[in-house]
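K.L.:
take this sequence and fold it.
(one chain, ligands or ions: 1)
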Amino acid sequence: MVGEASPALDADIAVIGAGVVGLAVAERLAAGGVAGGTRRSVVVVERHEAYGRETSAHNTGIVHAGMFYETGSLKHRLCLEGNALLHEWADAHTVPLRRCGKLIVAVEPGDLDGLERVWERGVTNEVPGMRHLTPQEARALEPRVRMAAAVWSGASSVVDQAAYARSLESACRDRGVLFAYQHSVVSAGREGGGFVLGLRDVDGHTSTLRVGAVVNAAGHGAPAIASMLGFPLDGDERTPILRQRVNRGRYYDFADPEWARSVSRPVYPVPPGSSDVQRHQARAGGLGVHISIDVDGVAHLGPDTAWMPDASPEGGPMDYRSVDEGREAFLAAGRWLLGDDLRAEDLVPGQVGYRPKLVTVGDTPADFLIFRAGDYVHLGGIESPGLTASLAIGRYVEVLLT
Ligand SMILES: Cc1cc2nc3c(=O)[nH]c(=O)nc-3n(C[C@H](O)[C@H](O)[C@H](O)COP(=O)(O)OP(=O)(O)OC[C@H]3O[C@@H](n4cnc5c(N)ncnc54)[C@H](O)[C@@H]3O)c2cc1C
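P.N.:
Numbers count the residues shown, from 1 in each chain. Alright, predicted model coming up:
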């Protein structure tokens with residue numbers, strides 16, 4: 001357990017990574033809040049020039065409600081808790097958040113079974129605010145969307161990710177958290193019951209950081225850091241599988257403002273012909289191309305899913321440039337939801353994001369991995385709904401390190 005900073009240490013805890021998860025963890029640990037009452041000195045180490053430059057800035061921004069996840073999984077539990085916490089946080093910190101709800105739709109009668117399974121999972125998962133809509137109600141909400149039936153998710157919202165990350169960083173600073181931006185963790189070892197991290201700045205200068213505990217919230221870079229500490233990425237009797245793969249998600253935007261405003265809330269089609277929503281997602285790597293809405297009410301299509309070649313040893317950084325390489329597939333997905341009026345020239349390539357996906361055995365859907373070994377905490381596979389769950393993950397880690 002971590003106590004007062006010893007004179008031999010630079011800080012009690014290093015959090016590696018200033019995405020929304022690392023920031024939420026750092027804020028909780030520095031607050032010494034619910035779990036123990038001990039305030040601890042925390043330093044966040046981040047390779048970029050500022051917070052939220054990787055996955056936390058390249059995602060859909062939906063505050064998920066929790067009907068898609070395996071019952072009892074960390075994704076399920078932390079999504080539900082995180083959803084409530086994020087709504088409270090946004091109110092308290094004036095973070096723009098659009099309480100628009102979400103529609104899950106059976107586009108054609110053949111999808112009704114799939115919709116029913118999402119509904120049943122939502123009920124089992126105790127997701128608040130869900131109800132079946134009559135076809136008239138659904139059409140009144142989204143007249144442009146093709147659907148045979150729909151389920152309403154009232155607890156789903158859209159958050160301004162950048163404003164949220166900014167509010168977390170600011171709350172961290174208020175708690176006295178220190179930030180080492182433009183510093184990459186390039187080595188890590190154990191020393192005298194604590195840890196010594198080797199850092200390299202953008203000019204190539206190296207330095208060391210001695211801390212009592214490490215929280216690895218490095219997203220795509222998490223396995224590389226675990227390796228530095230000697231953990232086997234493929235697991236052994238004491239270590240779960242830590243290896244991750246990268247799954248790209250691209251978006252297309254609507255060139256025409258009329259299309260961009262044609263839908264008012266996120267619309268998720270159930271995976272067509274899928275006998276099991278979770279297994280379908282596990283294979284495909286995402287929830288399937290859907291209509292998302294940003295916090296300004298502008299509609300986008302995506303994300304799609306594509307497995308990438310194995311990550312570089314450092315786990316990124318990724319190439320976030322948008323390329324026009326999926327127009328036909330996006331047009332088909334867009335027409336499936338919005339009808340054949342949508343033309344190829346109505347679409348333009350949008351943002352690109354990368355999911356850090358934990359490698360699993362067989363068809364098992366990947367869960368979040370929160371693994372503690374002594375004073376080391378590993379956050380692995382923090383893909384969607386990681387933005388939603390971030391504040392709940394912060395609390396979870398706070399309890400683990402108490
Ligand atoms: C396409 C897509 C859509 C998504 N949509 C949603 C959604 O609608 N709702 C939702 O809840 N979630 C969504 N997510 C998931 C969500 O974006 C992530 O779960 C969340 O942003 C993860 O945050 P993080 O802090 O763990 O990771 P990151 O934001 O990636 O932060 C990790 C940080 O660690 C740093 N780092 C890595 N290695 C090192 C090192 N060696 N030294 C120093 N720093 C290092 C990186 O630079 C990075 O800043 C989506 C994700 C994707 C890809």
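K.L.:
okay, now the nearest residue to Ser157 once chain neighbours are set aside: neighbour count?
P.N.:
In this structure, Ser157 finds its nearest non-sequential neighbour in Val63, 4.2 Å apart by Cβ to Cβ, 6 or more residues apart in numbering. For the C-beta atoms, the positions are set from N, CA and C on the backbone; glycine is no exception. As a burial measure, the neighbour count of Val63 was computed by other Cβ atoms under 10 Å and equals 25.
K.L.:
ok, now Trp336?
P.N.:
Here the count is done by other Cβ under 10 Å, and Trp336 has 16 residues near it.
K.L.:
a helix runs through it, doesn't it?
P.N.:
Yes: counting by DSSP: H, G, I helix; E, B strand; the rest coil, Trp336 is part of a helix.
K.L.:
wait, isn't it in contact with Val145?
P.N.:
No: when contacts are counted by Cβ atoms under 8 Å, Trp336 is not listed as touching Val145 (10.3 Å).
K.L.:
mind listing the helices for this protein?
P.N.:
For the chain, the helices identified by DSSP state H occupy 20-31, 74-92, 112-124, 135-141, 161-174, 222-228, 257-260, 277-284, 327-338, 386-400, in order along the chain.
K.L.:
quick check: mean pLDDT across the fourth one?
P.N.:
In this case it means helix 135-141. Mean pLDDT, helix 135-141: 94.
K.L.:
in CSV, list the C-alpha atoms belonging to that helix.
P.N.:
Included here for helix 135-141 are C-alpha records, laid out as CSV according to Å, rounded to 0.1, in the frame of the first residue of the first chain:
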residue,chain,number,x,y,z
PRO,A,135,-43.4,2.6,-35.0
GLN,A,136,-45.3,6.0,-34.9
GLU,A,137,-43.2,7.2,-31.9
ALA,A,138,-39.9,6.1,-33.6
ARG,A,139,-40.8,7.7,-36.9
ALA,A,140,-41.8,11.0,-35.1
LEU,A,141,-38.4,11.0,-33.5
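K.L.:
buried set for that helix?
P.N.:
Taking 16 or more other Cβ atoms under 10 Å as the neighbour-count basis, helix 135-141 is seen to contain the buried residues Ala138, Leu141.
K.L.:
counting contacts, what elements does that helix pack onto?
P.N.:
With contacts taken as 3 or more Cβ pairs under 8 Å, 6 or more residues apart in numbering; DSSP states H and E, helix 135-141 sits against strand 102-106, strand 149-153.
K.L.:
out of the ones you listed, which one sits most buried?
P.N.:
Most buried of these, by mean neighbour count (mean count of other Cβ atoms under 10 Å): strand 102-106, with a mean of 26.
K.L.:
output the contacting helices and strands for that one.
P.N.:
Here strand 102-106 touches helix 112-124, helix 135-141, strand 149-153, strand 267-269, going by 3+ Cβ pairs under 8 Å, 6+ apart.
K.L.:
do you know which of these lies nearest the ligand?
P.N.:
Taking Cβ to the nearest ligand atom as the criterion, strand 267-269 is the member of the helices and strands packed on strand 102-106 that comes nearest to the ligand, at 10.6 Å.
K.L.:
list the contacts of the closest one.
P.N.:
102-107, 111, 142, 145, 287-288, 290-291, 336-337 (Cβ atoms under 8 Å, 6 or more residues apart in numbering).
K.L.:
next, count neighbours for the residue in the stretch 301-402 of the chain that the ligand sits nearest to.
P.N.:
Nearest residue of the stretch 301-402 of the chain to the ligand: Gly386, at 1.9 Å (Cβ to the nearest ligand atom). When neighbours are defined as other Cβ under 10 Å, Gly386 has 27 of them.
K.L.:
wait, it sits on Ala24?
P.N.:
No: with contact defined as Cβ under 8 Å, Gly386 does not reach Ala24; the gap is 9.9 Å.
K.L.:
any shared contact partners between the two?
P.N.:
Counting by Cβ under 8 Å, 6+ apart, the residues touching both Gly386 and Ala24 are Ile393.
K.L.:
which residues touch the residue lying closest to Val397 once chain neighbours are set aside?
P.N.:
The spatial neighbour of Val397 that comes closest, neighbours along the chain excluded (Cβ to Cβ, 6+ apart), is Val25 at 4.8 Å. The neighbours of Val25, taking Cβ under 8 Å, 6+ apart as the test, are Val15, Val215, Ala217, Leu379, Ile393, Gly394, Val397, Glu398.
K.L.:
could you check how far the nearest residue to His132 once chain neighbours are set aside is from Val107?
P.N.:
In space, His132 comes closest to Val151 once its chain neighbours are excluded; the distance is 5.9 Å by Cβ to Cβ, 6+ apart. The spacing between Val151 and Val107, counted by Cβ to Cβ, to the nearest Å, is 13 Å.
K.L.:
residues of the stretch 201-350 of the chain that sit close to the ligand?
P.N.:
Ala217, Ala218, Gly219, Gly221, Ile225, Gly249, Pro303, Gly315 (Cβ under 6 Å from any ligand atom).
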